[in-house]
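Asker: Turn this into a model:
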Amino acid sequence: MLKKIILTICFLCTTTVSIHAQKETSLKAVNQVWEKFYDAFANLDVTLMADIHSKNLIRISGGNRILDYDSYINNYKRQFASNKANQRTNHIALRFFERLHDESIASERGVYRLTINKGKENEQHYYGQFHVILVKENKVWKILMDYDSTEFDTIGKEAFDKAYSITDFDKFLN
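Answerer: Numbering: from 1, shown residues only. Now for the predicted structure:
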């Protein structure tokens, strides 16, 4: 009987460690998408922005409009071109309060801070809450659904600071 109990405990420990490692690997893989997202904003790179999104994208903005992939990417093409022409910079940061993953789909919720003209006299910050669904397409993570909202201007620095860092995996490995 003792032998069965010990074997069961060993099996549970091994399985838990394996699941924990898989989830961390998945989080790190999805973070590669977010790194490209950050780079797209920082470099005003619409090609990179297009690359990380599924062609089947559903984009819901602030509860007032729904866009498809082409409309969404064309909006960024215009916005990034305008920012370049007007010498405006973008810096985006994400923090999370929920990250659910398996091997092929991920749901991530959190708060973003978009900083325009970081470090300059006319620096501005914009905050919002997001919910993103990512899927693996041909073994590559892509953003399939992206919803964000200011929640009637209730999302700000406090909500951003309260959420967890993009590299704080331990909070999401339960």
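
Asker: From the centroid of the chain, which residue is nearest?
Answerer: Centroid-nearest residue in the chain, with C-alpha atoms, centre = their mean: residue 34, separated by 5.4 Å.

Asker: need the helix or strand of the protein with the lowest average pLDDT.
Answerer: In the chain, the helix or strand scored least confidently by mean pLDDT, DSSP states H and E is helix 2-43, which has a mean of 67.

Asker: just the helices in this structure please.
Answerer: Taking DSSP state H, the helices of the chain run over residues 2-43, 46-51, 69-85, 157-162.

Asker: what is the rounded mean pLDDT of the longest strand seen in the chain?
Answerer: Assignment by DSSP state E gives strand 124-137 as the longest strand of the chain. When pLDDT is averaged along strand 124-137, the result is 97.

Asker: which residues does the residue nearest to the centre of the chain contact?
Answerer: Residue 34 makes contact with 94, 166, according to C-beta atoms under 8 Å, 6 or more residues apart in numbering. The way it works is simple: take the backbone N, C-alpha and C, and place the C-beta from them, glycine included.

Asker: Tell me the spacing between it and residue 169.
Answerer: Remark: distance between residue 34 and residue 169 (C-beta to C-beta, to the nearest Å) = 13 Å.

Asker: In contact with the nearest residue to residue 82 once chain neighbours are set aside, which residues are there?
Answerer: Once flanking residues are discounted, residue 82 sits nearest to residue 88: 7.8 Å by C-beta to C-beta, 6 or more residues apart in numbering. Neighbouring residues of residue 88 by C-beta under 8 Å, 6+ apart: 82, 116-117.

Asker: Export these to CSV and append columns for pLDDT and neighbour count.
Answerer: Output for the contacts of residue 88, formatted as CSV (pLDDT from 0 to 100; neighbours: other C-beta atoms under 10 Å):
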residue, pLDDT, neighbour count
82, 97, 11
116, 95, 15
117, 91, 16
